[in-house]
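Participant: Dropping a prediction and its sequence here:
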Amino acid sequence: MSTTPTEKRLRVAFVVSDESNYQTFHHHAPMSPIDFVPFNSLSALERDQATLPDYAGILIDLQSAISASTSEKDYLRSLPKKFKIPLFEMAIPSLHSSPDQVSAFLSRYQKFQLLCKEYSAEMNLRAFPRKLRIIRVKISQSADLSSPEIKAATADISEGGCFIVSFADCSSLKEVFLRFEDSSLFIPCRVAWVRKWEQSSQRYPGMGIQFLDLSPRMWGDIQHHFVE
């Protein structure tokens, strides 16, 4: 019987200069597997930027961004070029904000959460060197292929997993079985993260797949037939 793994907690850098805003944020934000590390200014974040690769995201209180000095604002604009970490500026509603304002905040916060989870999972998969390879695959939710298969293709692959490009709705998938077309290779996998299709995005939709119980011999077969 398979068990659901405990959700990994993520660390997020949170730039918020006003302590009351920090408290109000936690009043509105739902419980989540995120540990927020507060920084009282962008300058404090810059002094500690060597640790930024360890974070799953950077959240910046909009009020703190507006009141930042010129040099801090220059640093803020440079962050997306230096790091690919999800970075959001967010207006924190007050305790007396309208339901619509709180709803807009929660919607944006939820999007930030999803990006942080996706980024963290992608970085874990990238612990193994990736190779850009388009390989036709079929995905099923059952080992005996009794459930419908999704036809798709990989965009990249490594010993740890691969990214599957698919326009199908993959949001409900947790554990799947991956079959390489024209071969007998069949691998149990975990869906690490899902990227939905958005017309405004230049990134392909699909899902990050983590291989489970992949033996060195099986990885050698994959390399021999599809990668090298």
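Facilitator: Sure thing, it's come through.
Participant: Helix or strand: which one has the nearest residue to residue 32 once chain neighbours are set aside?
Facilitator: Setting aside the residues directly before and after it, residue 32 is nearest to residue 113 in space (CB to CB, 6 or more residues apart in numbering), at 5.9 Å. Heads up, the C-betas are built off the backbone N, CA and C, glycines and all. Taking DSSP states H and E as the definition, residue 113 sits inside helix 99-125.
Participant: Any buried residues in that helix, and which?
Facilitator: 105, 109, 112-113, 115-122, 124-125 (16 or more other CB atoms under 10 Å).
Participant: And stretch 88-102, by the same measure?
Facilitator: 88-93, 97.
Participant: circling back to that earlier point, which one of the buried residues of helix 99-125 is nearest residue 166?
Facilitator: Using CB to CB, residue 118 is the member of the buried residues of helix 99-125 that lies nearest residue 166, at 15.1 Å.
Participant: which element follows the helix holding residue 113 toward the C-terminus?
Facilitator: Beyond helix 99-125 toward the C-terminal end (DSSP H and E), the next one is strand 131-132.
Participant: neighbouring contacts of the next helix or strand after that following strand?
Facilitator: Downstream of strand 131-132, the first helix or strand assigned by DSSP H and E is strand 136-140. If you take CB atoms under 8 Å, 6 or more residues apart in numbering as the criterion, strand 136-140 is touched by 147-154, 164, 166, 173, 176-182.
Participant: Give the buried subset of these as a ChimeraX selection command.
Facilitator: Here is the ChimeraX command that picks out the buried ones among the contacts of strand 136-140, judged by 16+ other CB under 10 Å:
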select :150,152,153,154,164,166,173,176,177,178,179,180
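Participant: List the ones among the contacts of strand 136-140 that fall in helices.
Facilitator: Among the contacts of strand 136-140, no member is found in helices (DSSP state H).
Participant: residue contacts, the residue nearest in space to the middle of the chain?
Facilitator: What sits nearest the mean C-alpha location of the chain, by CA atoms, centre = their mean, is residue 118, with 1.0 Å. Residues in contact with residue 118, defined by CB under 8 Å, 6+ apart, are 193-195, 208.
Participant: ok, the residue in the chain sticking out farthest from the centre to residue 27 distance?
Facilitator: The centre of the chain is farthest from one residue, residue 96, which by CA atoms, centre = their mean lies 32.2 Å away. Distance of residue 96 to residue 27, given as CB to CB, to the nearest Å: 12 Å.
Participant: swap in residue 159?
Facilitator: In terms of CB to CB, residue 159 sits 44 Å off from residue 27.
Participant: who has more neighbours, the two?
Facilitator: residue 159 (19 against 12; other CB atoms under 10 Å).
Participant: In space, what's closest to that one - neighbours in sequence excluded?
Facilitator: In space, residue 159 is closest to residue 128, 4.5 Å off (CB to CB, 6+ apart).
Participant: For the protein, just list every one of the strands.
Facilitator: For the chain, the strands defined by DSSP state E occupy 10-15, 34-39, 57-61, 87-90, 131-132, 136-140, 150-157, 161-165, 175-180, 186-195, 206-211.
Participant: ranking the ones you listed by burial, who's on top?
Facilitator: strand 161-165 (a mean of 25; mean count of other CB atoms under 10 Å).
Participant: Break this structure down into its structural domains.
Facilitator: According to automatic domain parsing, the chain comprises the domains 10-125, 131-227.
Participant: so which of the strands of the chain comes closest to residue 224?
Facilitator: Judging the strands of the chain by CB to CB, what sits closest to residue 224 is strand 175-180, at 11.9 Å.
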